[in-house]
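# Show me how the following folds:
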Amino acid sequence: MALTRDIKYINRDFDDLRTRLIEFSKTYFPNTYNDFSPSSPGMMFMEMSAYVGDVLSFYLDNQIQETFIQYARQTNNLYELAYLLGYKPKVTTAATVQLDFYQQVPAIAGSPDYNYALQIGQNAIIQSTANTGITFLTQDTVDFSISSSQSPTEVSIYQISSGIPQSFLLKKTVPAISATINTATFSFGVPEQFSTVTIEDTNIIGVLDITDSDGNTWYEVSHLGQDLIYDSIKNTNTNNPNYSTNSNVPFLLQTKQIQRRFATRFLNQTTLQLQFGAGTTSDTDEEITPNLNNIGLGLPFQQDKLTTAFSPTNFIFTNTYGIAPSNTTLTVRYLTGGGVASNVAQGVLTTIASANINFVNGTLPNNATAQSIFNSVAVNNPAAASGGQDGDSIEEIKQNSLSTFQNQLRTVTADDYTLRVLSLPPQYGTVAKAYTEAQKAESINFGDNPATLDLYVLSYDSNKNLTTASTQLKNNLRTYLSQYRMVNDSVNIKDAFVINIEVEFEIITYPNFNNNEILATCIQEVQNYFNIDDWQINEPILLKDLYITLDQIAGVQTVKNIKINNKTGESLGYSNYSYDVQGATIDNVIYPSIDPMIFEVKYPNTDIKGRVVSL
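Residues are numbered from 1 along each chain as shown. As a prediction, this is how the structure comes out:
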């Protein structure tokens with residue numbers, strides 16, 4: 001009968017394993033072997049065993065370490081773990097810049113002739129004069145014929161004769177990113193499930209678009225199980241039966257179910273993998289996969305389903321991962337660029353290397369005037385580009401992955417909804433202000449969902465004054481939120497109230513100061529204080545801060561009085577809602593109402609009044 005051996009499992013390196021093997025031999029084989037000199041054959045086998053154990057321990061520790069993103073060091077493992085947690089590592093970051101585009105138009109009856117307005121398509125290529133290797137791409141269409149609060153067209157007189165304008169200069173500002181468009185093609189024969197291709201390049205920003213040889217467009221999704229994407233159509237009378245001339249909603253947002261889709265992931269800093277679906281073109285996707293015909297199919301216990309614990313994987317038999325490309329050639333356009341070097345200085349982006357420029361009015365005759373207007377297009381960057389940086393470091397991948405796993409792109413709190421609403425792209429409408437709160441108890445009826453949220457929004461008009469959101473904007477917002485809201489949340493989109501006010505103040509100045517200059521400075525500071533960009537729904541007015549602001553102006557000895565008055569009346573251009581400002585003032589704080597509202601100085605040039613008084 002074999003003796004029970006005392007085996008230690010805590011030794012992991014070479015020295016500990018070697019020492020333990022010697023002790024083991026001395027304890028259990030004292031008469032069999034006792035030559036433990038370094039040159040003995042027995043020590044050779046013990047050290048070889050210790051060597052093998054040390055190597056195995058090293059690889060075991062390394063493999064365990066590489067499964068935790070906090071401790072992983074190998075790049076390919078970091079990338080895989082980052083995607084597992086929902087984060088897409090960046091191998092480069094593109095710089096962004098605001099570009100000013102200019103064009104001339106002739107005058108007609110003393111006003112700009114917008115028949116000669118131009119339109120510059122997306123992805124116009126702008127080159128830097130300082131560094132020819134740096135190019136920028138415009139992200140929006142430049143349409144000089146349209147002006148809105150988020151995309152205004154500035155007009156100035158360019159040429160005048162005998163006091164009469166002969167031509168005007170139009171200016172439009174659009175965002176651009178530092179990127180270059182590259183093209184790769186891939187041929188596919190017999191369809192394969194989850195076929196993949198790779199793009200090898202440096203500083204890959206991402207895929208711009210993919211089209212196949214049949215003219216079909218393939219759409220990028222975050223994962224192949226996603227079959228709904230956002231799509232937009234022009235807000236015209238044809239596309240929108242409730243069409244209105246609201247220029248702040250140029251596009252309608254809608255969800256679109258797609259079969260041709262792909263997902264991307266970086267394998268390392270120079271390799272981008274594209275993965276396609278598993279089905280064929282004859283298959284159709286279902287927006288909601290489970291149905292009454294396939295639940296439980298193939299299960300051995302179909303006789304009694306009352307006590308069955310179903311898993312969603314038991315009835316996913318439809319093609320929910322998109323189709324696989326077959327017998328076609330895909331043309332992939334992808335973007336490269338970015339990095340620290342793309343943060344170019346101001347005034348260097350002045351060359352239009354390539355752009356799709358057309359007259360909005362396609363019936364203009366091709367005459368000298370049209371050619372002159374066409375040649376007048378110019379571009380410049382008034383400020384330096386910023387935001388360009390190199391790819392994520394190892395520590396940035398770790399930290400960004402952990403934070404992304406916590407967020408998961410879901411709206412959970414009221415603040416999440418507010419931020420998500422404000423992130424609505426401007427082509428779908430201008431959400432100027434947003435405020436989210438739980439539905440008030442007195443508004444909840446019997447049987448209502450207790451998880452209902454009230455979302456109050458306001459928009460801008462063409463003069464950047466607050467106004468109620470249009471029906472098209474609310475519909476776009478509803479579609480946008482549907483992909484992010486929690487399943488048990490109900491959201492009511494409502495209009496917040498706008499309370500227009502005027503400000504009257506009295507100041508006492510020091511001797512030997514110009515009262516007019518001091519008063520002008522004070523009015524300007526009050527205008528800055530009530531700049532609508534700095535005010536949110538349900539924000540109170542702190543008169544103490546306003547007193548301090550005016551007191552700090554050079555030449556002001558003291559602020560004697562500040563008074564806030566309500567301005568109302570649609571015929572005068574104000575909101576129809578009145579508010580008891582004096583009744584809402586407590587300890588120099590003007591509080592908002594229970595119903596969400598915002599204070600607005602609609603006409604700062606006339607509704608901010610000040611005067612200099614004596615002691």
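
# what's the neighbour count on Ala324?
By other CB atoms under 10 Å, 21 other residues sit near Ala324. C-beta: built from backbone N, CA, C; applies to glycine.

# Let me see the contact set for the spatially closest residue to it that is not a sequence neighbour.
Leaving aside its sequence neighbours, Ala324 sits nearest to Pro191 (CB to CB, 6 or more residues apart in numbering; 4.2 Å). Pro191 is in contact with 280, 323-326, counting by CB atoms under 8 Å, 6 or more residues apart in numbering.

# quick one: average pLDDT of stretch 36-47?
The pLDDT scores in stretch 36-47 average 90.

# wait, I meant stretch 557-566
Throughout stretch 557-566, pLDDT has a mean value of 94.

# ok so, going back, where does the residue nearest to Ala324 land on pLDDT?
On the pLDDT scale, Pro191 is placed at 87.

# try Ile157
pLDDT for Ile157: 90.

# Among the contacts of Pro191, name the ones in helices.
Per DSSP state H, helices hold no members of the contacts of Pro191.

# filter these to the buried ones?
Among those, those classed as buried by 16 or more other CB atoms under 10 Å are 323-325.

# rewinding a little: which one of the contacts of Pro191 is nearest Asn538?
Among those, Ile323 lies closest to Asn538 (CB to CB), at 49.0 Å.

# where do the strands sit along the stretch 501-615 of the chain?
541-542, 556-567, 585-586, 589-590, 597-600, 608-612 (DSSP state E, counting those that start in this stretch).

# Packed most tightly, which of those strands would that be?
Of those, the one with the most neighbours on average (mean count of other CB atoms under 10 Å) is strand 597-600, at a mean of 22.

# Adjacent strands (with direction) for it?
Partner strands for strand 597-600, per DSSP bridges, with pairing direction: strand 497-509 (parallel).

# The partner strand - what's its average pLDDT?
Strand 497-509 comes out with an average pLDDT of 95.

# Pull out the buried residues from that strand.
497-503, 505, 507, 509.

# again, but for stretch 41-55
Quick answer for stretch 41-55 (16+ other CB under 10 Å): 42-43, 46-47, 50, 53-54.

# likewise stretch 268-275?
So for stretch 268-275, counting by 16+ other CB under 10 Å, buried means 269, 271-272, 274-275.

# The strands of the stretch 501-615 of the chain: which one's closest to Ser149?
The nearest among these, by CB to CB, is strand 597-600 at 14.1 Å.

# Can you give the distance of that closest one from its chain's centre?
Distance of strand 597-600 from the chain centroid (CA atoms, centre = their mean, to the nearest Å) equals 27 Å.

# Grab the CA positions of that strand and hand them over as CSV.
Provided in CSV are the C-alpha atoms of strand 597-600 (Å, rounded to 0.1, in the frame of the first residue of the first chain):
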residue,chain,number,x,y,z
MET,A,597,-39.9,77.4,-17.9
ILE,A,598,-36.9,79.5,-18.9
PHE,A,599,-36.2,83.2,-18.7
GLU,A,600,-35.2,84.9,-21.9
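
# Gln166: which of the strands of the stretch 501-615 of the chain is closest?
strand 608-612 (37.4 Å).

# Output the closest one in PDB, but only the C-alpha positions, please.
The C-alpha trace of strand 608-612 is given here as PDB (Å, rounded to 0.1, in the frame of the first residue of the first chain):
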ATOM      1  CA  ILE A 608     -31.800  95.900 -21.200                       C
ATOM      2  CA  LYS A 609     -31.900  99.500 -19.900                       C
ATOM      3  CA  GLY A 610     -29.600 101.300 -17.500                       C
ATOM      4  CA  ARG A 611     -29.100 104.800 -16.200                       C
ATOM      5  CA  VAL A 612     -26.600 106.700 -14.100                       C
END
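
# What's the mean pLDDT across it?
93.
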